[in-house]
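Chemist: Let me see the structure of the following:
(chains A and B)
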2 protein chains.
Amino acid sequence: MSDEEADPDDRNAGDTDGDLEAVLETVRERVDPSPDERERLRTVADRLAARAEDAATDLDSGADVLQAGSTARDTWISGDRDIDIFVRFPPELNRETLERYGLAVGHETLPEGHEEYAEHPYVKGTVEGFDIDVVPCFRLESATEIRSAVDRTPFHTQYLEARLDDDLAADVRLTKQFLKGIGSYGSDLRTRGFSGYLTELLVVEYGGFRELLEAATEWQPPVKLDPEDHGQETFTDPLVVIDPTDPERNVAAVCSAANVARFQHYARAVLDQPALEYFEADDPEPLSESELRAHLERRGTIPVAVRFEAPNVVEDQLYPQLYKSLSGVTQGLDDRDFDVFRGTTFADETAVIFAELTVAEQPGVERHQGPPVHVTGHAKGFYSAYADDPDTYGPFIEGGRYVAERERNFTTARGFLESERLFDVGLGAHVETALKDDYDVLVGDEITALLAEFGPELRQYFEPRP
Amino acid sequence: MSDEEADPDDRNAGDTDGDLEAVLETVRERVDPSPDERERLRTVADRLAARAEDAATDLDSGADVLQAGSTARDTWISGDRDIDIFVRFPPELNRETLERYGLAVGHETLPEGHEEYAEHPYVKGTVEGFDIDVVPCFRLESATEIRSAVDRTPFHTQYLEARLDDDLAADVRLTKQFLKGIGSYGSDLRTRGFSGYLTELLVVEYGGFRELLEAATEWQPPVKLDPEDHGQETFTDPLVVIDPTDPERNVAAVCSAANVARFQHYARAVLDQPALEYFEADDPEPLSESELRAHLERRGTIPVAVRFEAPNVVEDQLYPQLYKSLSGVTQGLDDRDFDVFRGTTFADETAVIFAELTVAEQPGVERHQGPPVHVTGHAKGFYSAYADDPDTYGPFIEGGRYVAERERNFTTARGFLESERLFDVGLGAHVETALKDDYDVLVGDEITALLAEFGPELRQYFEPRP
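Modeler: Purely as a prediction, here's the structure:
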């Protein structure tokens, strides 16, 4: 998404801009699947569902089959290729049997498929360009009885199917595209944004996309919605949407304060000056070396980067560890007076903890304030500890206390980052292992070495937008 | 005083060290006036007092004459040359008459004398090497009725004369010498230490020098003494000694927390390891340029100095203004993230506000945190204020708030110190005037220029002791 504020001329480019309805009409043309596309998906989905049914029947497992997800609810966006087929087994089955049966049905349904593992193992495959998951779960009376997250999905599907008419489904597609445009779509732990289910609930709750936008501009976090008015627990999240199928669950639990604020910001922006760009995902050019040097020159900060081989774990494991490591390293730097101005973290082949410092060097001495001189015991201990130390200035007296000026452990940020003390800060487990294995510390211009792998991320960092 | 901790070998130098009584005996030999010296002073003092009496009588003013101060009470230290002669006029006199009569008596007493001005004008002169003050005051029933501070002196003299026997007087001399040795003697506003009267009261109250030392090691400030047990007011000073002649006055009001702590520290030190050096005033060699450079090299701090012509006011006016200016400049530097490590102030021909920085440069940008995005009015205002500003990064969103990174006003401490903004900080009135006239800013090695005028002060700063 290009910055609507930074290039005002682009803002009204295109004859559809300036009028929300006209903008939305254009967006619909892009996101609504054509009858033909819809037909193709429907055919494949139904055929595979039927196959799964037969396989389940052959097993005589008492299972039934259900199409789930956005493609089942017609809230999918043109180009989406995900088809979820849920095979619901009776709750009497034990977990092992469920998994064995589930894989059997999966392989029957997708002879070319392979096994993957979420909460249960399941079979994944590609048919005519569509990505198919055949997921086993338990058929339960209520979502409160679920044994794993996948058991919940059928309830979500049922709840929404009953409430989403064609108009609301169309508005869900607009909302999803808007969330993609502003970078807040997805409940993965990297984005910490709005899940598809959350999006659908919000559209249903407010009665449409425009209604949701208008409501969002007035949100006062914590925002609490409870469609079924059955929530008991209290949640501290900025956005709380009690799951209509489970009073104990906040559907928006993962949604960060930043994404809630971002949604409010862009809701105001698109209502003030409707424009297509809000519905166009940001795809930044890599930052060039000259641009990077220009930013460093202008900002005058000292960037430092800890770079290591990205741990081989899924993103939902990796990013929480990277975020934890970023705040740990930031704390470690701040504690030593290497003041962090702003920071971020990147991951691809390598992973990077990146911090921009205002202060990268400190003097050879640091103040150490002692006890008040009248606290006899401590005072004598402090004084005698330093009085004969040739590396210490003082102790002398300030106010009523002893003060000593002793040697500093680290006079440079690099010295700290390259030391064992780095492992005293809070690090994600796999990040710590990776660092123990090996890592590089880049300081100042050395970070140009990151451009090859993280050019677009560096542009986003150095050209920050809401 | 040489640092007893830093050169342990010196500590027991001299055969009198190690045993307090032996040390004190040596100190007595130094501070007790010889019979001959005492005789000479007595002769002069009595002759001048008699002269003042005659002059007062001639005036038929109803005045009487009183010798005051340490030379009257035999608590003076060998070498002191101050003789105070107080001429007490009846309270019925108005101020103008008192001053006219006072000067008349003064000039009769000291034909060679000249006029000076304290709370009243008075006559000062030198006779046979002694410095004589002839001070007019009112003769009142009680010190609570005083009209000016000098009216109080006769009451102090009377109170102490009644309580100081020869032994206590001798201990007062030891205590004064000890306070001089540790640099805490004097109630002037540069030292903010122990006045002569306070010293005498403390010795009387505790019954001797050693007793005072032993009590001081256990002081828990605020320390409250009230010899006459007549105080009503509550004071917040670290040391409170209610004036026996005035229940509303704390004799130790000017004594700083640092000097109270210093007295405790050295009381412990001299009792633990008696040594003559505690009774020998510090007279530091000027710091050499190579020593200064070595300290700067080792410390790695960045010294900055604001140097200007010393305002032509008495020290009791000058130093409070210098201290205020030092804390104002320190605040001004800290507020702009030029972190002050330690600072001090010097004055002679020129005056200097001196600060040692850990950070003397900052980046070109500074963070400016805006309101939470949900606070619609402020949020819109903040966003639109910066969104189109080419010199600002952002606004972007952190947590739920807008953040902008805007240009910093001052990227160097020198830039701030040389700017008009220096005059926004708290400065003493005469200091501000002097700075408005002209000042230099010295940074880093440039402070070697201070060595010529402030070599000893710089040694005390860079070799700090309790």
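
Chemist: Phi, psi for A:Tyr439 please.
Modeler: Backbone torsions of A:Tyr439, given as degrees, to the nearest 10, read phi -160, psi 160.

Chemist: residues from the stretch 301-450 of chain A in reach of chain B?
Modeler: Residues of the stretch 301-450 of chain A lying close to chain B (CB under 8 Å from any CB of the partner chain) are A:301, A:337, A:339, A:341-342, A:358-359, A:362-365, A:367, A:372-374, A:376, A:379-380, A:383, A:387-388, A:393-402, A:405, A:411. Every residue, glycine included, has its C-beta placed from N, CA and C.

Chemist: Filter those residues down to the ones in strands?
Modeler: Using DSSP state E, the subset of these located in strands is A:341-342, A:365, A:367, A:372, A:393-398, A:401-402, A:405.

Chemist: Just the buried ones out of those residues, please.
Modeler: A:341-342, A:365, A:372, A:393-398, A:401-402, A:405 (16 or more other CB atoms under 10 Å in any protein chain shown).

Chemist: Closest one of these to chain B?
Modeler: The nearest member of these to chain B, counting by CB to the nearest CB, is A:Phe396 at 3.7 Å.

Chemist: got TSV for the ones in strands among the residues of the stretch 301-450 of chain A next to chain B, with pLDDT too?
Modeler: Shown next, in TSV, are these (pLDDT from 0 to 100):
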residue	pLDDT
A:Phe341	98
A:Arg342	97
A:Val365	97
A:Arg367	96
A:Pro372	97
A:Tyr393	96
A:Gly394	92
A:Pro395	97
A:Phe396	97
A:Ile397	97
A:Glu398	96
A:Arg401	97
A:Tyr402	97
A:Glu405	97
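
Chemist: Dump those residues to JSON lines, plus distance to A:Leu103.
Modeler: Shown next, in JSON lines, are these (distance: CB to CB, whole Å):
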{"residue": "A:Phe341", "distance to A:Leu103": "52"}
{"residue": "A:Arg342", "distance to A:Leu103": "47"}
{"residue": "A:Val365", "distance to A:Leu103": "66"}
{"residue": "A:Arg367", "distance to A:Leu103": "65"}
{"residue": "A:Pro372", "distance to A:Leu103": "72"}
{"residue": "A:Tyr393", "distance to A:Leu103": "72"}
{"residue": "A:Gly394", "distance to A:Leu103": "72"}
{"residue": "A:Pro395", "distance to A:Leu103": "72"}
{"residue": "A:Phe396", "distance to A:Leu103": "75"}
{"residue": "A:Ile397", "distance to A:Leu103": "76"}
{"residue": "A:Glu398", "distance to A:Leu103": "73"}
{"residue": "A:Arg401", "distance to A:Leu103": "71"}
{"residue": "A:Tyr402", "distance to A:Leu103": "71"}
{"residue": "A:Glu405", "distance to A:Leu103": "68"}
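
Chemist: List just the nearest of those residues to A:Asp131.
Modeler: A:Arg342 (37.5 Å; CB to CB).

Chemist: what's the span of stretch A:188-207, first residue to last?
Modeler: Terminal residues of stretch A:188-207 lie 26 Å apart, using CA to CA, to the nearest Å.

Chemist: repeat for stretch A:405-421
Modeler: Distance across stretch A:405-421, first residue to last, is 22 Å (CA to CA).

Chemist: And for that stretch, what's in contact with it?
Modeler: A:302, A:304, A:306, A:329, A:332-333, A:336, A:338, A:357, A:360-368, A:386, A:389, A:391-394, A:422, A:441, A:443, B:299-300, B:341-342, B:464 (CB atoms under 8 Å, 6 or more residues apart in numbering or on different chains).

Chemist: Any of those residues buried? List them.
Modeler: For the contacts of stretch A:405-421, burial is judged from neighbour counts taken by 16+ other CB under 10 Å, and it is met by A:302, A:304, A:306, A:329, A:332-333, A:336, A:338, A:357, A:360-363, A:365-366, A:368, A:386, A:392-394, A:422, A:441, A:443, B:299, B:341-342, B:464.

Chemist: taking those one by one, which sit in helices?
Modeler: Members of the buried ones among the contacts of stretch A:405-421 lying in helices (criterion: DSSP state H): A:Val329, A:Gly332, A:Leu333, A:Tyr386, B:Arg299.

Chemist: Around A:His114, count how many other residues there are.
Modeler: For A:His114, the count of nearby residues is 11 (other CB atoms under 10 Å in any protein chain shown).

Chemist: Pairing-wise in the sheet, spell out the partners of it.
Modeler: When bridges are called by DSSP bridges, A:His114 pairs up with A:Lys124.

Chemist: Can you tell me how far it is from A:Val134?
Modeler: Separation of A:His114 from A:Val134 (CB to CB, to the nearest Å) stands at 11 Å.

Chemist: Mind listing what's buried along stretch A:127-138?
Modeler: Buried residues in stretch A:127-138, defined by neighbour count with 16+ other CB under 10 Å: A:Val127, A:Phe130, A:Ile132, A:Asp133, A:Val134, A:Val135, A:Pro136, A:Cys137, A:Phe138.

Chemist: and what of stretch A:45-54?
Modeler: A:Ala45, A:Leu48, A:Ala49, A:Arg51, A:Ala52, A:Glu53.

Chemist: Could you look up the SS state of the second one?
Modeler: Think A:Leu48. Of the three states, A:Leu48 takes helix under DSSP: H, G, I helix; E, B strand; the rest coil.

Chemist: Quick check: it touching A:Ile83?
Modeler: Yes: contact status for A:Leu48 versus A:Ile83: in contact at 7.0 Å, counting by CB atoms under 8 Å.

Chemist: Which neighbours do those two have in common?
Modeler: By the contact definition CB under 8 Å, 6+ apart, A:Leu48 and A:Ile83 are jointly contacted by A:Ile132.

Chemist: so how far is A:Asn94 from A:His156?
Modeler: From A:His156 across to A:Asn94, the span is 25 Å (CB to CB).

Chemist: for A:Thr358, phi and psi?
Modeler: phi -90, psi -20.

Chemist: That one and A:Asp334: what is the separation?
Modeler: With distances taken as CB to CB, A:Thr358 is found 11 Å from A:Asp334.

Chemist: So these two - more neighbours on which side?
Modeler: Comparing A:Thr358 with A:Asp334 by other CB under 10 Å, the one with more neighbours is A:Thr358, at 22 against 14.

Chemist: hang on, the more buried one packs against B:Arg336?
Modeler: No: in this structure A:Thr358 lies outside contact range of B:Arg336 using CB under 8 Å: 11.7 Å.

Chemist: Need the overlap of contacts for those two.
Modeler: Shared contacts of A:Thr358 and B:Arg336, counting by CB under 8 Å, 6+ apart, come down to B:Gln362.

Chemist: Show me the helices in the stretch 1-150 of chain A, by range?
Modeler: Remark: helices assigned in the stretch 1-150 of chain A by DSSP state H, counting those that start in this stretch are A:8-11, A:20-31, A:35-59, A:70-73, A:95-109.

Chemist: of all those, which lies closest to chain B?
Modeler: Closest to chain B of these, according to CB to the nearest CB: helix A:8-11, at 7.8 Å.

Chemist: Which parts of the stretch 201-350 of chain A are strands?
Modeler: Secondary structure of the stretch 201-350 of chain A (DSSP state E, counting those that start in this stretch): strands at A:223-225, A:239-243, A:246-250, A:302-309, A:340-347, A:350-357.

Chemist: and these as JSON lines, adding distance to A:Leu213?
Modeler: Conversion of the strands of the stretch 201-350 of chain A to JSON lines gives the following (distance: least, CB to CB, whole Å):
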{"stretch": "strand A:223-225", "distance to A:Leu213": "14"}
{"stretch": "strand A:239-243", "distance to A:Leu213": "15"}
{"stretch": "strand A:246-250", "distance to A:Leu213": "22"}
{"stretch": "strand A:302-309", "distance to A:Leu213": "37"}
{"stretch": "strand A:340-347", "distance to A:Leu213": "29"}
{"stretch": "strand A:350-357", "distance to A:Leu213": "34"}
